[in-house]
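> Got a predicted model here, sequence first, then my questions.
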Amino acid sequence: MPRTARPRHRAALAALSTCVALGCGTGTPPQGDRPAPPPGAPTGSGYGAVTWASSAGRVGTAADGRSYRLIVRTSVGGSGLRVRLSNAYGDQPVTFGNVHAGRQRKGAALVPGSNRRLTFDGAASVTVPPGGIIYSDPLPGPVAAASKLAVSLHVVRAGGSLTGHWMAMQTSYTTEGDHAADESGARFGQRIGSWFYLDAVTVKPRRDTGAVAALGDSITDGWHSTTGLDRRWPDHLARRLSRAGDGTVEGVANEGIAGNRLLRDGPGQSGLNRLRRDVLSLPGVRTVFLFQGVNDIKAEPGATAAELIAGYRTLIDRAHAAGKCVVGATIGPYKGWPEWDPAGEAVRRKVNAFIRDGGAFDAVTDFDRVLRNPADPERIRPAFDGGDHLHPNDRGMRAMADAVDLKDLQCRG
């Protein structure tokens, strides 16, 4: 039986809370997704391992003649850096006239001598068709782990829907004109809180090193962690993997989208619908870390336990068919959030029981145990609460990452 929809005043509160989380007052929020790229689209096979990634979505209207300086943090180091540019949500072609990669010095300024041109089949310019993605040629030279990389794009011609990642929790920069080659940040006077067009960076590690992709929602995306300090739980996980230094899995791809659900589209495609493009197509991914379900439960109407469990089984089957292992994470408590109700809590408990004891996942991380308040298990620990009773703060994010058994990520399929 489907769960009963909540009263309208609860739905209004839910919409307001979602708007706060997505920053709806600052621009056009993400909308529904386009179909994934066709099977023949480039996958990055043989490109080494992903060192950074974010999930693309529709984030507004594209514009001609702009340059973007996008700041990202690498996880695994290596050589032969490639970037993946996405027009997955575009309804018109996008032409990039100039693409560079360098190391951030401070703000939009780069380390002198570090900013180098990227090419595409040897050409400086490339046009990406609607719905398409493209990888650059490898850039010779080393790329350090845990470094701040600046990818600068000059968009010559674009229009229609803009592809990017809305809630970056990182300050990047934009300006009019072609300034991608500039090492000075003087012309990049406008700060932005989103990543545009760039959705992955890959390297060839020194050893046979793979990556883990975290498929999730706003908690994985880092909402309520400190902007610019890379304190999302996948960032902390990347640091742990780097310190462990066993070389088996060190890359981390953060594929979280605020408001995202496992079963239904909006915001963004559902976890099931974006699995191939956002996870399975990334080079070097050996393990899928699945942490989704709370948005399905608190939706209008909410998913049942049986529906969510069926969704988990479908995703696991698809990942296994692609030779990946799947680690499942239990859903944390959220009592105090406007959409919490006893019916949803009952679903959460049933789903968590399946994740822990159902035997479907290759391994399990119990985020619920880490985050819940021992005095009131339906609520998040006060010390970990980011303030809205759903999203962990910096301390909670670190506790989540510390709870992951690194041996569970060392999958070779």
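Alright, I've got the coordinates. Residues are numbered from 1 along each chain as shown.
> Tell me where the stretch 151-300 of the chain has strands.
Using DSSP state E, counting those that start in this stretch, the strands of the stretch 151-300 of the chain run over residues 161-165, 172-176, 190-192, 195-196, 198-204, 210-216, 249-256, 285-291.
> Rebuild the ones you listed as a markdown table, extending it with mean pLDDT, mean neighbour count and distance to residue 348.
Glycine gets a C-beta too; all of them are placed from N, C-alpha and C. Listed next are those as a markdown table, based on pLDDT from 0 to 100; neighbours: other C-beta atoms under 10 Å; distance: least, C-beta to C-beta, whole Å:
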| stretch | mean pLDDT | mean neighbour count | distance to residue 348 |
| --- | --- | --- | --- |
| strand 161-165 | 97 | 26 | 27 |
| strand 172-176 | 98 | 20 | 35 |
| strand 190-192 | 98 | 14 | 35 |
| strand 195-196 | 98 | 26 | 31 |
| strand 198-204 | 98 | 26 | 31 |
| strand 210-216 | 97 | 28 | 16 |
| strand 249-256 | 97 | 29 | 19 |
| strand 285-291 | 98 | 26 | 13 |
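> Indicate which one of the ones you listed is closest to residue 110.
Minimum separation from residue 110 across these (C-beta to C-beta) falls at strand 172-176, 11.0 Å.
> Adding distance to residue 388, write the strands of the stretch 151-300 of the chain out as TSV.
Shown next, in TSV, are these (distance: least, C-beta to C-beta, whole Å):
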stretch	distance to residue 388
strand 161-165	21
strand 172-176	25
strand 190-192	24
strand 195-196	24
strand 198-204	27
strand 210-216	17
strand 249-256	16
strand 285-291	18
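> Residue 411 contacts residue 324, doesn't it?
Yes. Between residue 411 and residue 324 there is a contact at 6.9 Å, judged by C-beta atoms under 8 Å.
> Name the residues contacting each of the two.
Shared contacts of residue 411 and residue 324, defined by C-beta atoms under 8 Å, 6 or more residues apart in numbering, comprise 286-287.
> Would you tell me which of the strands of the stretch 151-300 of the chain gets closest to residue 353?
Comparing the strands of the stretch 151-300 of the chain by C-beta to C-beta, strand 285-291 comes nearest, at 16.2 Å.
> Nearest to the spatial middle of this protein, which residue is it?
residue 255 (2.6 Å; C-alpha atoms, centre = their mean).
> in a strand, that's where residue 141 is, yeah?
Yes. Counting by DSSP: H, G, I helix; E, B strand; the rest coil, residue 141 is found in a strand.
> Which residues are in contact with it?
79, 81, 116.
> Next one, pLDDT for it please.
We have a pLDDT of 95 for residue 141.
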